[in-house]
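Undergrad: Quick one: sequence plus predicted model below, questions after.
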Amino acid sequence: MNTHVTLSRREVMVGVAGLTFAFAARQPVGAAVIAADTSGQALTPWVSIASDGTITILSAATEMGQGSMTSLPLIIAEELDADWDKVRIVPAPPFEKIYGNPGFGGMMYTAGSNAVTSNYKNLRLFGAQARRVLLSNAAKTLGVAESELTTEPSLVVHAKSGRKLSYGEIAAKAEVPAEAPAVLPEDLKKPAQFRLIGKDVMRAELPRKVNGSAQYSIDVQLPGMLYGAVVRAPVEGAKPERFDEAKVLAVKGMVKTVPLPWGVGVIAETPWAAFAARNEIERTATWSKDGNAWGFDSEKGLEAFAKTALDPDAKATDWFKLGDVRAELPKAASTFAAEYLCDYAYHAQMEPLNGVASVSPAGDTAEIWCGTQSQTMAVEATAKALGIERDKVKLHDTLIGGGFGRRGPRDMDFLVDAVMLSKAVGKPVKSMWTREDDVRNGRLRPLSAHHLTAGFDAAGKLTAWQHRLVGDRVTPFIDPVRYNAAGKKDFILMLGADAKGYDVPHQLVEQVYQDTGVRTAPLRGIGFTANKFATESFIDEIAHRQGFDPIKYRLALLANTPRARAVIERVAQMAEWGRKRDGAALGAAYIDYSGTQIGTVVEISLNRETGKIKLRNVWCAIDCGVAVQPDNVVAQTESSIVYGIGLALTERISIKDGAVEQSNFYDYVVPRNSDVPPMHVDVIQTDNHPTGVGQMATPTITPAVGNALMAMTGRRLRHAPFTEERVKKALS
């Protein structure tokens, strides 16, 4: 998919002003599909309509299996009143002034489950403006007042005379105004009028995935292309000192070794030759001791984190404050405290990292093919690596076989590998990471320790809540630009650490900053995965200690949050909460994730001899406001649940002497088919502004499983994941 689109100055100004409509001659293409290229006349910012009625809509979101490439154009099509079968979707070029994500400061960035929620209002406006231009032109053609016209799918209708004009007919002779027509919020459709939003359509990219024609960056083939691999330092910041280059160059098919600041690259005629050469480097390479992580041991490090969390003198910064915990907690009639621990975890995306680059022999232009969560960062990282201006970089944005946060670092390490290797030979190079490369050089969910304290008044009411979090830094490492822009707040680490939604008048969340030197990154669910394990386990503990049913206790604390109560009541009904089960137990969790309300109940059984927890059912109720594609919301929630099962039971990374110990799926264990239970998801449709769904269920699974285990055994597991060894130890 070529996203290098030339926009004229007028098209840019029109796009910035908000008008996202254009007309162009196109060939018929049939049903809604993802277009492979933007042939013919150059597109203006968002919509083109051909004389045959074909509608081309650009999508600014990266497609990594979450459906955004369908959902965003569908929002435009709704207000445009387009016939969806006539829509073709094209990836938008890296032009932030028009296609930037408002939720990420205008960068083209798909992450945080915010593509729909950030773009929803603007895309509806753009679609309505396009429709208004159609109506204006049709009024002139028919010689009637614009107010007498209405639209049906891809038709303008004059009811009085019974005449109709197709969008294609209007497009053939249309005049596009220099300024976007004014559209007010009250001019937009009411939810009851939606034809596409809230209804299920086929995701545009799925047929190509099924028939094998979908292109990922690993599929790209170019004339004269070579293959690359990189041996990266085992510890972030280390540099290569020496390796046996003679043995490396002796590998059949080897072309060249390339020294890099972070390792050694090899270029070969085939991927297998590149991998063999890479292996020779691994066997003989020695590394400098630069970097903070040398000597770090995650097991001992987590013990130190836990001690620091208990140390009132450890320097902390306030992340979130409500009321005055420091004044009120000492006045509490009683208090209760608990600690929780979380290991490092790896993204485990289906497609290992890779990228393709073709740098000119002079090094002054570059063409790149990659699956990236940020078109902006891909172009900027390439330009920076070569020392050229970003308009000298041409991006081909491909599909992604899973992102989960790993394909969104500002330095785009996996892509820059290809760029630097291509520069070294002046030919196209495909750089490929093996699964072992991907695991050992993973950027991980951070290690964290949590100390929570609750204060109660004389009647037992929860009045004060303090959460002290000691965690490995994330945002300063993965994206220092956004870290500084956020006032040096590590939001990737800290989000979800509060008790949002619950009626607790005094709350304080503190961060104790740690920097182990280990590579970290956002992972699906970001800070919520660890932080909600702590907070939702703590709520459950309080309920048990005070003799309350955990569901009823949550409902009491959510008396002033009706949407939250609705998802908890619904999921309890779905799971038949309160019905006694033989050999099984239920556990619940609730979170408010960036406005999305989600309640989860899991049913587990336990093999006490092996310590293996088995999920028998998962029920989930989700209110994400307007569900643009309800069936896709279900699919994303199911995917989130499976991801959460891995984080709850088996997925952990350990570090020895600063390096990752695991290497593949035999020692980094993701859920197998046999581990996945029946999943029951209910989407509660409301007219609230749509919020995210891509990762919202993931953080609920670990606390729900831990709470179920507590209900079954009376033992509380405080260290995630709940491996079989940890379960057996807790039961002994």
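TA: Okay, I see it.

Undergrad: what are the phi and psi values for the residue lying closest to Q662 once chain neighbours are set aside?
TA: Distance criterion Cβ to Cβ, 6 or more residues apart in numbering; nearest residue to Q662, sequence neighbours excluded, is Y668 at 4.3 Å. No exception for glycine: its C-beta is placed from N, CA and C like everyone else's. Y668 adopts backbone torsions of phi -120, psi 100, taken as degrees, to the nearest 10.

Undergrad: how many neighbours does Y668 have?
TA: Residues lying near Y668 (other Cβ atoms under 10 Å) number 22.

Undergrad: That one: what's it in contact with?
TA: Neighbouring residues of Y668 by Cβ atoms under 8 Å, 6 or more residues apart in numbering: 346, 348, 439, 651-653, 662.

Undergrad: Can you tell me how far it is from A115?
TA: 29 Å (Cβ to Cβ, to the nearest Å).

Undergrad: Drop everything from the contacts of Y668 that is not in helices and list the rest.
TA: Of the contacts of Y668, the ones assigned to helices by DSSP state H are V439.

Undergrad: Please list only the buried members of the contacts of Y668.
TA: Neighbour counting with 16 or more other Cβ atoms under 10 Å marks 346, 348, 439, 651-653, 662 as buried within the contacts of Y668.

Undergrad: Cross those residues against strands and list the overlap.
TA: Using DSSP state E, no member of the buried ones among the contacts of Y668 falls in strands.

Undergrad: Which pLDDT value goes with A17?
TA: pLDDT, A17: 36.

Undergrad: I'd like the average pLDDT over stretch 419-438.
TA: Average pLDDT, stretch 419-438: 98.

Undergrad: Please renumber the chain so that the first residue is 536 from this point on.
TA: Okay, residue one is now 536; in that scheme the one you just asked about reads as stretch 954-973.

Undergrad: For it, which residues meet the burial criterion?
TA: Across stretch 954-973, burial judged by 16+ other Cβ under 10 Å covers 954-960, 962-969, 971-973.

Undergrad: Please apply the same query to stretch 911-921.
TA: Under the neighbour-count criterion of 16+ other Cβ under 10 Å, stretch 911-921 has 911-918, 920-921 buried.

Undergrad: okay, how far is it across stretch 979-996, tip to tip?
TA: End-to-end span of stretch 979-996 (Cα to Cα, to the nearest Å): 38 Å.

Undergrad: Now that stretch: buried residues?
TA: Of the residues in stretch 979-996, 979-991 count as buried by neighbour count, 16+ other Cβ under 10 Å.

Undergrad: related to what we said a few turns ago, distance to P1238 for the contacts of Y1203 - can I get that in TSV?
TA: Listed next are those as TSV, based on distance: Cβ to Cβ, whole Å:
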residue	distance to P1238
Y881	21
A883	21
V974	26
E1186	16
R1187	17
I1188	21
Q1197	25
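
Undergrad: re the thing from before, from the buried residues of stretch 979-996, pick the one nearest K1035.
TA: Proximity of those to K1035 (Cβ to Cβ) peaks at L987, which lies at 14.6 Å.

Undergrad: so who does the residue positioned nearest the centre of the chain touch?
TA: Geometric centre of the chain, nearest residue: A646, 3.8 Å, by Cα atoms, centre = their mean. By Cβ under 8 Å, 6+ apart, the contact set of A646 is 639, 908-909, 938, 940, 943, 1057.

Undergrad: and these, which two are the farthest apart?
TA: F639 and G938 (14.2 Å).

Undergrad: Comparing the two, which shows the higher neighbour count?
TA: G938 (24 against 20).

Undergrad: what's the closest non-adjacent residue to the more buried one?
TA: M599 is the one closest to G938 (Cβ to Cβ, 6+ apart), at 4.1 Å.

Undergrad: I'd assumed G943 was in contact with the one you found.
TA: No. Applying Cβ atoms under 8 Å, one finds M599 not in contact with G943, separated by 10.0 Å.

Undergrad: shared neighbours, these two?
TA: 645, 908.

Undergrad: Could you export stretch 864-873 as CSV, CA atoms only?
TA: The C-alpha coordinates for stretch 864-873 follow below in CSV (Å, rounded to 0.1, in the frame of the first residue of the first chain):
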residue,chain,number,x,y,z
LEU,A,864,-5.3,8.3,57.0
PRO,A,865,-3.8,8.8,60.4
LYS,A,866,-7.3,9.7,61.7
ALA,A,867,-8.8,6.4,60.4
ALA,A,868,-10.5,4.2,63.0
SER,A,869,-8.8,1.2,61.4
THR,A,870,-6.5,0.5,58.5
PHE,A,871,-5.6,-2.5,56.3
ALA,A,872,-2.5,-2.9,54.0
ALA,A,873,-1.4,-5.4,51.3
